[in-house]
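I need the structure of the sequence given here:
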Amino acid sequence: MGNRVKGKTKKKSIKAASSSSMGSTRKLSRMGKKLKAGNAGLTATFISRSSVLKKLQITLKDFRRLCILKGIYPRVPSKSPGSKKGQTFYHIKDVTYLAHEPLLEKFREFKTYMKKVRKAAGRNEKDEAARMNEQTPSYTLHHLVKERYPRFIDALGDLDDCLSLLQLFAKLPGSGKVKSNVVNKCKELCENWNAMVVKNGGVEKVFVSVKGIYCQANIQGVEIRWLVPHSFTQYTPTDVDYRVMSTFVEFYQVMLDFVLYKLFTKDNLAYPRKNRGEGGIKSIIKEVDGGVVEAIEEKGGKGNEERVSNKKSTSNTIVIPSSVTARAADEEDEEEDEDSNEIGLEGVSSAMREMDYAMDAATDSTDELKIFDGLVFYISREVPRSICELVILSNGGKVGWEGEGSTILPNDGDITHFIVDRPKLPESFKGYPKEREYIQPQWIFDCSNFRYLLPVSSYKVGSPLPPHLSPWAEESGYVPRYKKEVDAMIRGEVYVPSDDEEDEVDEAGMEKDVPEAEGTDDDGDSDEEDEDKVRKSVATAEDKEDDLAKIMMSKKAKRLYGRMQHGIKEKQDAVDTLERKRREIEREKKRESKKRKVEIITQKEEEERDEKEKIGLRKQCIGGKGRDDKGRTAAKQKIERLKGERKKLGKQFDNVPGLEKKKKKKKKKAT
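Have a look, this model is predicted:
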């Protein structure tokens with residue numbers, strides 16, 4: 001009760017409801033300090049792009065570059081703050097994150113320096129402007145890669161877009177908006193990546209589509225999928241902002257350099273390579289498998305290159321970057337610095353040894369799955385070489401090609417498969433050995449996807465190809481018929497289509513062609529009716545069980561079960577749609593084959609009829625029907641017969657006076 005006197009009324013509390021009669025002090029104590037507009041709520045959390053530019057004091061072009069390099073994207077608030085509708089918003093924490101970026105200061109320095117260069121060029125001091133332009137301030141993105149990907153496995157998981165974009169720029173012409181040095185750098189990175197893919201297990205899945213060629217590899221347990229454009233002449237469209245794409249390429253080049261450095265140094269190889277841009281994938285793999293390990297130069301600059309033996313040698317000292325050993329000891333893969341030091345094998349931790357043993361076991365297990373071991377391929381000039389070379393080397397085969405750098409000639413007797421993409425073989429191929437197989441490129445892709453050497457009879461030059469199936473089609477639940485045939489072939493069985501499939505196709509194909517029979521088989525109809533009754537009874541029993549189970553469920557479980565069944569039904573509907581389309585295609589193929597057979601038969605009959613007519617005419621010309629032994633026609637025979645009869649009548653009336661034939665006097669020619 002405190003000091004309250006008994007019998008007196010209680011005073012009103014300061015925290016009572018505020019009214020207009022209150023003073024400012026009492027209002028503040030009741031309601032708290034009044035905040036300014038824009039300092040709390042969504043308005044303070046999300047700010048527009050124009051406000052960000054004012055806060056950071058940079059141009060829109062530099063802001064876009066900075067956001068791409070830092071990996072910051074616009075946010076979509078739950079509701080638009082204030083009256084700012086239709087604007088682009090950024091989170092206040094992201095803006096604060098950008099404000100402390102060292103690149104921001106580099107951009108400002110570059111802008112100030114370029115003002116000096118333009119000023120010198122404006123004063124017509126060309127030499128000074130050229131000298132200053134060569135000393136333009138530069139920057140690196142190494143700290144951004146380490147910042148965004150603290151572990152090596154994080155960088156591997158984000159390589160999909162990186163590889164797809166670099167593969168695209170490697171195919172672009174190096175002129176105009178895309179510089180040639182950028183294109184050459186992308187080509188070099190892609191070749192090094194392909195070599196490391198072959199070394200670390202190879203390409204697992206390949207699919208050729210209209211967009212390009214999809215590839216998938218497994219690097220240290222991470223599945224990486226990328227898209228390789230077709231080897232056509234690429235035209236750069238005008239409605240694409242190449243500045244944005246070039247910024248992505250700039251970051252992705254540094255990122256892939258870090259990944260390749262990790263993969264190369266793990267095999268004790270120097271990166272960047274000495275023979276850069278020479279020989280393609282095959283030469284890089286030879287460097288990796290040759291066993292020659294080049295020491296990585298220290299940052300301090302000793303400059304002495306040391307060669308150490310390969311993994312099979314018995315020496316006790318190898319050159320390993322110290323950062324790799326430290327990361328292995330911590331059992332975490334992180335991006336490494338360029339510094340490296342010489343350490344002894346005794347200093348390698350047990351975790352490093354276990355990782356090496358695991359990698360050796362993984363390579364041994366992958367070597368057992370090489371389906372092209374002992375096969376030698378030769379690629380014709382019209383076949384895209386890079387992707388075929390990647391797939392063949394990934395599966396243990398040897399490869400040669402028509403062009404420079406090939407160690408295999410086309411007339412080599414060791415060639416087992418000649419890859420040709422032409423409608424028929426040219427005459428010049430007749431001089432080659434007959435033991436080799438001439439196949440289309442799809443054969444190597446299908447063999448790689450199925451991990452099985454398929455028969456080449458369906459893939460020969462000029463023959464219609466089987467369907468090229470996507471290796472990711474199993475995710476949809478639909479299994480094509482060709483996959484069923486190949487799976488049965490792998491198991492050593494012969495695929496026999498089910499009775500339901502045959503009946504569906506046959507019934508649909510014969511509905512229009514075969515008329516209904518006048519009589520019907522009562523026994524067959526009764527059997528079918530009995531089977532239908534049994535099926536319906538089984539289905540109704542299952543439905544009753546489901547209904548009883550639903551009754552015992554709670555409302556939440558019912559909703560969850562309903563969503564599950566809805567998803568299963570949608571998936572099954574999609575599979576049924578694909579099955580129906582396949583049956584329609586097979587029906588159409590059957591109809592076309594029947595029509596083709598009928599056309600061939602009628603054509604043969606017409607040819608035989610024409611041949612008979614020609615033979616009859618030829619016989620008539622020689623002395624056939626209507627001609628005598630001398631080959632005279634009936635009309636000519638009639639004329640000669642009439643002439644003979646006339647002569648006979650003339651002889652009878654020669655002695656009759658008055659009907660004597662007058663002899664014509666021959667006129668003498670004037671000499």
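
For my notes, confirm Arg381 occurs in a strand.
No. Read with DSSP: H, G, I helix; E, B strand; the rest coil, Arg381 is coil and lies in no strand.

residues touching it, list them.
Neighbour list for Arg381: 401-403 [criterion: C-beta atoms under 8 Å, 6 or more residues apart in numbering]. In short, each C-beta sits where N, CA and C put it, glycine included.

repeat that with 10 Å
Arg381 is in contact with 401-403, 420-421, counting by C-beta atoms under 10 Å, 6 or more residues apart in numbering.

Next one, pLDDT for it please.
If you check Arg381, the pLDDT there is 91.

I'd like to know how far it sits from Ile92.
Between Arg381 and Ile92 the distance is 59 Å, computed by C-beta to C-beta, to the nearest Å.

ok so, going back, out of the contacts of Arg381, which are inside strands?
Trp401 (DSSP state E).

If any of the contacts of Arg381 are buried, put those into a PyMOL selection.
Filtering the contacts of Arg381 down to the buried ones (16 or more other C-beta atoms under 10 Å) takes a single PyMOL command:
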select buried, resi 401+420
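
and of the contacts of Arg381, the nearest to Ala557?
Asp421 (57.3 Å; C-beta to C-beta).

shouldn't the closest one be in contact with Val461?
Yes. Assessed by C-beta atoms under 10 Å, Asp421 is found in contact with Val461 at 8.4 Å.

so what's in contact with those two at the same time?
439-440.

now the strands: where do they sit in the stretch 401-550 of the chain?
Assigned by DSSP state E, counting those that start in this stretch, the stretch 401-550 of the chain shows strands spanning 417-419, 437-439.

Counting by contacts, list what the first one packs against.
For strand 417-419, the packing partners by 3 or more C-beta pairs under 10 Å, 6 or more residues apart in numbering; DSSP states H and E come out as strand 376-379, helix 385-394, strand 398-401, strand 437-439, helix 442-450.

would you turn these into TSV with distance to Ala488?
Formatted as TSV, those follow (distance: least, C-beta to C-beta, whole Å):
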stretch	distance to Ala488
strand 376-379	27
helix 385-394	24
strand 398-401	31
strand 437-439	22
helix 442-450	12
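
Out of those, which is closest to Ala195?
For the helices and strands packed on strand 417-419, proximity to Ala195 was assessed by C-beta to C-beta; helix 385-394 is nearest, at 8.7 Å.

what's the angle from the closest one to helix 442-450?
Counting by axes from the mean of the first three to the mean of the last three C-alpha atoms, to 10 degrees, helix 385-394 lies at 50 degrees to helix 442-450.

Mind naming the longest helix for this protein?
The longest helix of the chain (DSSP state H) is helix 555-623.

Mind giving me the packing neighbours of the helix or strand just after that one?
Using DSSP states H and E, the helix or strand that follows helix 555-623 in sequence is helix 634-652. Of the remaining helices and strands, none touches helix 634-652 by 3+ C-beta pairs under 10 Å, 6+ apart.

dump the residue contacts of the nearest residue to Tyr459 once chain neighbours are set aside.
Among residues not flanking Tyr459 along the chain, Trp443 sits closest, at 4.0 Å (C-beta to C-beta, 6 or more residues apart in numbering). Neighbouring residues of Trp443 by C-beta under 10 Å, 6+ apart: 417, 419, 437, 453-456, 458-460, 465-466.
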